[in-house]
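*Asks:* quick check, what structure comes out for this input:
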Amino acid sequence: MATRNLAEIVAQLSVAEQAAVEEFIDFLKRGKQGPSAFDAAIDEFITDHPELLRRLAQ
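*Replies:* This next block holds a predicted model:
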């Protein structure tokens with residue numbers, strides 16, 4: 001898709017949709033820069049509560 005076509009498509013979106021597109025582009029530019037706070041919280045929960053997770057998996 002040509003850049004011009006993409007710009008035209010984005011221009012037709014609502015303000016909220018344009019903001020979401022911009023946020024997504026920023027996310028793509030950053031790339032994966034190590035674990036996020038959410039990922040760290042998940043890892044901590046898994047480490048602290050293996051028995052609970054085992055029971056939920058049954």
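*Asks:* show me how far the top helix by length along the chain is from its chain's centre.
*Replies:* Determined from DSSP state H, the single longest helix within the chain is helix 15-30. Relative to its chain's centre, helix 15-30 lies at 11 Å (C-alpha atoms, centre = their mean, to the nearest Å).
*Asks:* send me the one helix or strand Ile46 maps to as PDB with only the CA atoms.
*Replies:* If you go by DSSP states H and E, Ile46 is part of helix 37-48. What follows is helix 37-48, C-alpha atoms only, in PDB (Å, rounded to 0.1, in the frame of the first residue of the first chain):
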ATOM      1  CA  ALA A  37       5.400  -3.900  33.700                       C
ATOM      2  CA  PHE A  38       2.500  -6.100  32.800                       C
ATOM      3  CA  ASP A  39       4.800  -9.000  31.700                       C
ATOM      4  CA  ALA A  40       6.800  -8.600  34.900                       C
ATOM      5  CA  ALA A  41       3.500  -8.800  37.000                       C
ATOM      6  CA  ILE A  42       2.500 -12.000  35.100                       C
ATOM      7  CA  ASP A  43       5.900 -13.600  35.700                       C
ATOM      8  CA  GLU A  44       5.700 -12.700  39.400                       C
ATOM      9  CA  PHE A  45       2.200 -14.100  39.700                       C
ATOM     10  CA  ILE A  46       3.200 -17.300  38.100                       C
ATOM     11  CA  THR A  47       6.200 -17.600  40.400                       C
ATOM     12  CA  ASP A  48       4.200 -16.800  43.500                       C
END
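*Asks:* which stretches of the chain have low pLDDT?
*Replies:* 1-4, 32-35 (pLDDT under 70).
*Asks:* swap the cut-off to 90 and go again
*Replies:* 1-13, 21-46, 49-58 (pLDDT under 90).
*Asks:* find the centremost residue of it, please.
*Replies:* Among the residues of the chain, the one closest to the centroid is Phe27, at 7.4 Å (C-alpha atoms, centre = their mean).
*Asks:* which helices and strands does the longest helix of the chain pack with?
*Replies:* The contact analysis (3 or more C-beta pairs under 8 Å, 6 or more residues apart in numbering; DSSP states H and E) places helix 15-30 against no helix or strand. Backbone N, C-alpha and C define where each C-beta goes, glycine included.
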